[in-house]
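Engineer: Dropping a prediction and its sequence here:
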Amino acid sequence: MNPRSATAFAGASALLNRGMRHQLRLAWRLLRDDRVTALKFALPALIGLYVMSPIDSIPDFFLGLGQVDDLGVVTAGLLIFARLVPRLAPGHVVDEHLRDMGMGRPATSGRDAPTPVEARFNVRG
């Protein structure tokens with residue numbers, strides 16, 4: 001196998017791996033949740049503006065190359081979006097969505113919560 005071909009699609013394989021799909025699914029769920037700050041709409045809006053804008057780093061009249069430029073921006077934007085939106089959301093909201101997706105820890109009630117263990121230890125040097 002050509003070493004260059006292995007790295008040529010590294011970005012595409014990052015989108016297709018299972019962890020990234022779960023991350024994108026979580027970000028989509030958080031985008032629709034009202035408990036997350038409205039700042040969550042900033043990145044998708046910026047990506048949309050860039051794609052729709054007549055000002056591009058590579059103009060679209062260069063057939064193929066101009067569209068690949070837009071595809072790269074959308075792909076990078078999706079990767080950043082998937083990492084950023086869970087950080088904007090409150091922790092308990094993210095945990096709730098992860099549990100609903102079957103990826104989080106089950107909720108513990110006060111009665112089922114683990115009890116702390118007291119212990120003494122000595123450190124010898």
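Structural biologist: That came through fine.
Engineer: excluding its backbone neighbours, what's nearest Pro90?
Structural biologist: Once flanking residues are discounted, Pro90 sits nearest to Arg35: 6.6 Å by CB to CB, 6 or more residues apart in numbering. For the C-beta atoms, the positions are set from N, CA and C on the backbone; glycine is no exception.
Engineer: To what extent is the one you found buried, counted in neighbours?
Structural biologist: 10 (other CB atoms under 10 Å).
Engineer: what do you get for Met101?
Structural biologist: For Met101, using other CB under 10 Å, the count is 12.
Engineer: check which helix or strand covers Gln23.
Structural biologist: helix 18-31 (DSSP states H and E).
Engineer: what about Ser57, which SS state?
Structural biologist: Counting by DSSP: H, G, I helix; E, B strand; the rest coil, the backbone at Ser57 sits in coil.
Engineer: number of nearby residues for it?
Structural biologist: 10.
Engineer: give the contact list for the residue nearest to Pro90.
Structural biologist: Applying CB atoms under 8 Å, 6 or more residues apart in numbering to Arg35 gives the contacts Ala89, Pro90, Val93.
Engineer: residues in contact with the last one?
Structural biologist: For Val93, the contacting residues are Leu30, Asp33, Arg35, Val36, taking CB under 8 Å, 6+ apart as the criterion.
Engineer: So which of those belong to helices?
Structural biologist: Leu30 (DSSP state H).
Engineer: how about the contacts of Val93, which pair is most distant?
Structural biologist: Pairwise distances across the contacts of Val93 peak at 8.8 Å for Leu30 and Arg35 (criterion: CB to CB).
Engineer: intersection of neighbour lists for these two?
Structural biologist: Joint contacts of Leu30 and Arg35 (CB under 8 Å, 6+ apart) are Ala89, Val93.
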